[in-house]
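Engineer: okay, here's the prediction I keep looking at, along with the sequence it came from:
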Amino acid sequence: MDMDKLVALCKRRGFIFQSSEIYGGINGFWDYGPLGVELKKNIKDAWWHDMVRNPPPGPDGQEIEMVGVDCAIIMNPKVWEASGHVGTFADPMRKCPQCGHFVRADQLWEALTLCTWMNSLIQEFTPISGAIDSPRLMKWAQGKGKRLAPNLALVRNPHVVLSFLATRVNGQPDAPPDLMEMTRYFATEQLHATGLQEPCPQCGGPLGEAKPFTLMLESHTGTEKTEASKVYLRPETAQGIFVNFKNVLDSTRLRLPFGIAQTGKAFRNEITPRNYTFRSREFEQMEIEFFCHPDESMKWFEYWREVRKSWYTKLGIKSDKLRPRDQGEKELAHYSKACTDIEYMFPFSDEPQELEGVAHRGDYDLAQHMKHSGKDLSYFEEELWAKADKSAYGGDKKKEQEAKSKLPFRYVPHVIEPSAGADRFTLAVLCEAYTEDTAPDEKGAPQERIVMKFHPRLAPIKAAILPLVNKEGMPEIAHKLYRELKQDYNVFFDDGGAIGRRYRRQDEIGTPWCFTIDGQTLADQTVTIRDRDTLKQERMPIAQVANELKRRLQP
RNA sequence: GCGGGUGUAGCUCAGUGGUAGAGCGCCACGUUGCCAACGUGGCUGUCGUGGGUUCGAGCCCCAUCACCCGCUCCA
């Protein structure tokens, strides 16, 4: 499938527009048009219905408790300190002017010890003794170095660099240079002009100054625009759930395990927004935080991984394009026990791209918020305590208190986090639906047809109501049916042009069914229902249309 | 952020420094008898934006914005 054709269709038919287009657009932001908003809304509604209102039975066949919240986009900035976003997002970054590579300033040396050219170079000398084998380094610079680190000073100008290094070593023989200092010398071409420099792990070029770099978008509240008034647009909806965990617990009588769900906008200052709406700076998430007992968390992780994967399949994503991928141990965050990315083969990439991450986050988030807010976010098993044999404590209140303060009675819940991208799934649905096939024209000759094969639940328009011709009362009957159906569904009335053209127009926007009022309707009150994918038509009584539509749209 | 490419009607795209075009679509009227019909008429443009060169710029130059591809980044 050609991505350009999909992008053109989305614009032509009103699914997706570039944001602020008449002003030249803005990088990384997109608007949904009349059809796009219906599609995305259907996706969010399907998610809410299938995950919050009516989630599949649990691993042991039990009912799943789910509730929702809708939190503010702007929160107390301390939330983002606790979550780690300020720390990791605001790390000073250093950029290589030669190749454009970014590296976190505090991770430079770690990156250097892991990088290819450094590992190659390190075999050519013995930094601990400080001994330098100039001819050997020269050979490296003129051989392997040229390929591995083309912008390293040692490679670009080995004579000068080696002479600086020799001066350094000879000048202070009792202080042999360590690995870091040696490396700085290797990266420095004009010692007197620039001082010692540090090399890029990618190409060896001299790195620039460290600059703070944050992926969170910032704003200010109140009248003063100061550091103290700075606030962040949330980079994920999850934290709103965590900070409201206690509120939900206290206001609902819910007992563990249960989940809290939220859909909403999130913002990230992506360096390179790319691939249509896939990586946008403003996007919408559909997130669940499922709170459970630490001993049961893996069971719930597996439950959600399966539930989320099959949800996509159920809504029409072919299973061979859907790739659940378990993250390796190295890839996992330090607090995480497991994480599965549910990925989709988008047409714009040879690699599957992430639609959703199902993460086992342990007690990391709640523990962080306990630490930073000073509030107790632990959970107490009241029923378990009520039934417990307390004879061991002999009525000693202190012993009882101590027992109540730890497992199995009190603990910080573990969390399973299925975090899905609403816009990413919308894009996947569009890609998946786009189909070019052939359909016969009025002479029976095959003609090219573009059809969006949306799952009926997701289709922006559920049905079109069409009078075959505009006479003999057909438009009136059609309009009456239209009025009836639009009470419950987004349906479309069209009496313009020939019937074939009207069918094709509906195909292109993925309307699953067309109801046509024809001459026979006048005689026996039946209409035809025409199927988008098969082009087949059946007759049914006009009085049964609403029920039939309801039946076909059942989740 | 770097390198390469693109930007002309709603869409797809022609356009050689000298009057801005085509196809499709869209709208109106007539027609219509189940899969992109036909006839007649009509609308549609700051040629991405801002400068410059020139008697004259869609075309040449500079800058800028957006999109695409490749690097890079992606807690």
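Structural biologist: Great, that's in hand. Numbers count the residues shown, from 1 in each chain, chains lettered A, B, ... in the order given.
Engineer: so A:Asp437 belongs to a helix, correct?
Structural biologist: No. Using DSSP: H, G, I helix; E, B strand; the rest coil, the secondary structure at A:Asp437 is strand, not a helix.
Engineer: give me every residue that touches it.
Structural biologist: A:448-449, A:451 (CB atoms under 8 Å, 6 or more residues apart in numbering). (C-beta placed from N, C-alpha, C; glycine too.)
Engineer: got it, and A:Tyr232?
Structural biologist: A:74-75, A:77, A:80, A:85-86, A:216-219.
Engineer: skipping adjacent residues, who's closest to it in space?
Structural biologist: Spatial nearest neighbour of A:Tyr232, excluding adjacent residues (CB to CB, 6 or more residues apart in numbering): A:Met216 at 4.6 Å.
Engineer: for PyMOL, what selects the buried ones among the contacts of A:Tyr232?
Structural biologist: Selection of buried members from the contacts of A:Tyr232 for PyMOL, criterion 16 or more other CB atoms under 10 Å:
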select buried, chain A and resi 75+77+80+85+86+216+217
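Engineer: surely the residue nearest to A:Tyr232 touches A:Pro235?
Structural biologist: Yes. Look at A:Met216 against A:Pro235 with CB atoms under 8 Å: they come within range, at 5.2 Å.
Engineer: coming back round to it: now, which of the contacts of A:Asp437 lie close to RNA strand B?
Structural biologist: Contacts with RNA strand B within these, counted by CB under 7 Å from any atom of the strand: A:448-449.
Engineer: now the contacts of A:Asp437 in CSV, with distance to A:Gly240, secondary structure and pLDDT?
Structural biologist: Compiled in CSV, those are given as follows (distance: CB to CB, whole Å; DSSP: H, G, I helix; E, B strand; the rest coil; pLDDT from 0 to 100):
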residue, distance to A:Gly240, secondary structure, pLDDT
A:Glu448, 48, strand, 78
A:Arg449, 45, strand, 84
A:Val451, 40, strand, 90
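Engineer: who wins on neighbours among the contacts of A:Asp437?
Structural biologist: Counting neighbours by other CB atoms under 10 Å, A:Val451 leads the contacts of A:Asp437 with 21 neighbours.
Engineer: for that residue, which non-adjacent residue is spatially closest?
Structural biologist: Spatially, and ignoring its direct neighbours in sequence, A:Val451 is nearest to A:Asp507 (4.2 Å; CB to CB, 6+ apart).
Engineer: that neighbour touches A:Arg530, doesn't it?
Structural biologist: No. Applying CB under 8 Å as the test, A:Asp507 and A:Arg530 come out as separate, 10.1 Å apart.
Engineer: picking up where we left off before, any common contacting residues for A:Met216 and A:Pro235?
Structural biologist: Jointly contacting A:Met216 and A:Pro235 under the rule CB under 8 Å, 6+ apart are A:80, A:85, A:89, A:267-268.
Engineer: okay, and A:Leu254 sits in which element?
Structural biologist: For A:Leu254, there is no host helix or strand (DSSP states H and E).
Engineer: give me the distance between the residue nearest to the spatial centre of chain A and A:Val358.
Structural biologist: Chain A has A:Gly421 as the residue nearest its centroid, 4.2 Å off, counting by CA atoms, centre = their mean. Counting by CB to CB, to the nearest Å, the gap from A:Gly421 to A:Val358 is 13 Å.
Engineer: check A:Phe15 too.
Structural biologist: The value you get for A:Phe15 to A:Val358, if CB to CB is used, is 28 Å.
Engineer: correct me, but A:Lys40 touches A:Tyr32?
Structural biologist: Yes. A:Lys40 is within contact range of A:Tyr32, at 5.7 Å (criterion: CB under 8 Å).
Engineer: low-confidence regions, chain A specifically.
Structural biologist: By pLDDT under 70, the low-scoring segments of chain A are A:1, A:87-93, A:96-102, A:106, A:126-132, A:169-177, A:193-194, A:209-214, A:330, A:442-444.
Engineer: let me know the closest of the contacts of A:Asp437 to A:Gln368.
Structural biologist: Relative to A:Gln368, the closest of the contacts of A:Asp437 is A:Val451; by CB to CB it sits at 48.9 Å.
Engineer: that closest one bridge partners, please.
Structural biologist: A:Thr435 (DSSP bridges).
Engineer: hang on, isn't it packed against A:Gly510?
Structural biologist: Yes. A:Val451 lies in contact with A:Gly510 (CB under 8 Å); the separation is 7.3 Å.
Engineer: what do those two both touch?
Structural biologist: A:Arg532.
Engineer: who in the stretch 151-300 of chain A is up against RNA strand B?
Structural biologist: Residues of the stretch 151-300 of chain A found near RNA strand B (CB under 7 Å from any atom of the strand) are A:202, A:215, A:235-236, A:268, A:270-276, A:279.
Engineer: apply 6 Å and report the result again.
Structural biologist: A:215, A:235-236, A:268, A:271-276, A:279 (CB under 6 Å from any atom of the strand).
Engineer: kindly report the same for the stretch 401-550 of chain A.
Structural biologist: Going by CB under 6 Å from any atom of the strand, the residues of the stretch 401-550 of chain A near RNA strand B are A:439-442, A:447, A:449-450, A:468-472, A:496-501, A:503-505, A:508, A:516, A:518-519, A:528, A:530, A:535, A:537.
Engineer: buried subset of those?
Structural biologist: With burial judged by 16+ other CB under 10 Å, the buried subset of these is A:449-450, A:468, A:499, A:503-505, A:516, A:518, A:528, A:530.
Engineer: next, the residue nearest to the centre of chain A: phi, psi?
Structural biologist: Main-chain dihedrals, A:Gly421, degrees, to the nearest 10: phi -100, psi 120.
Engineer: mind listing what it touches?
Structural biologist: Contacts for A:Gly421 were tallied using CB under 8 Å, 6+ apart; they are A:283-286, A:354-356.
Engineer: who does it bridge with?
Structural biologist: Where A:Gly421 sits in a bridge, its partners, by DSSP bridges, are A:Gln285.
Engineer: give me the element A:Gly357 is part of.
Structural biologist: Here A:Gly357 is assigned to strand A:353-362, by DSSP H and E.
Engineer: how far away from the center of its chain is the helix or strand following that strand?
Structural biologist: Using DSSP H and E, the helix or strand that follows strand A:353-362 in sequence is helix A:364-373. Helix A:364-373 has its C-alpha centroid displaced from the chain centroid by 24 Å (CA atoms, centre = their mean, to the nearest Å).
Engineer: put the alpha carbons of stretch A:437-454 into PDB.
Structural biologist: The C-alpha trace of stretch A:437-454 is given here as PDB (Å, rounded to 0.1, in the frame of the first residue of the first chain):
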ATOM      1  CA  ASP A 437      -9.900  -3.600  -6.000                       C
ATOM      2  CA  THR A 438     -12.000  -3.800  -9.100                       C
ATOM      3  CA  ALA A 439     -15.800  -3.600  -9.400                       C
ATOM      4  CA  PRO A 440     -17.900  -3.900 -12.500                       C
ATOM      5  CA  ASP A 441     -19.200  -0.700 -14.200                       C
ATOM      6  CA  GLU A 442     -22.700  -0.500 -15.700                       C
ATOM      7  CA  LYS A 443     -21.500  -2.400 -18.800                       C
ATOM      8  CA  GLY A 444     -19.900  -5.100 -16.600                       C
ATOM      9  CA  ALA A 445     -16.400  -4.100 -17.400                       C
ATOM     10  CA  PRO A 446     -14.100  -4.100 -14.300                       C
ATOM     11  CA  GLN A 447     -13.100  -0.700 -13.000                       C
ATOM     12  CA  GLU A 448     -10.600   0.200 -10.300                       C
ATOM     13  CA  ARG A 449     -12.200   0.900  -7.000                       C
ATOM     14  CA  ILE A 450     -10.900   2.400  -3.700                       C
ATOM     15  CA  VAL A 451     -12.600   1.000  -0.700                       C
ATOM     16  CA  MET A 452     -11.900   1.600   3.000                       C
ATOM     17  CA  LYS A 453     -12.700  -1.700   4.600                       C
ATOM     18  CA  PHE A 454     -13.300  -0.500   8.100                       C
END
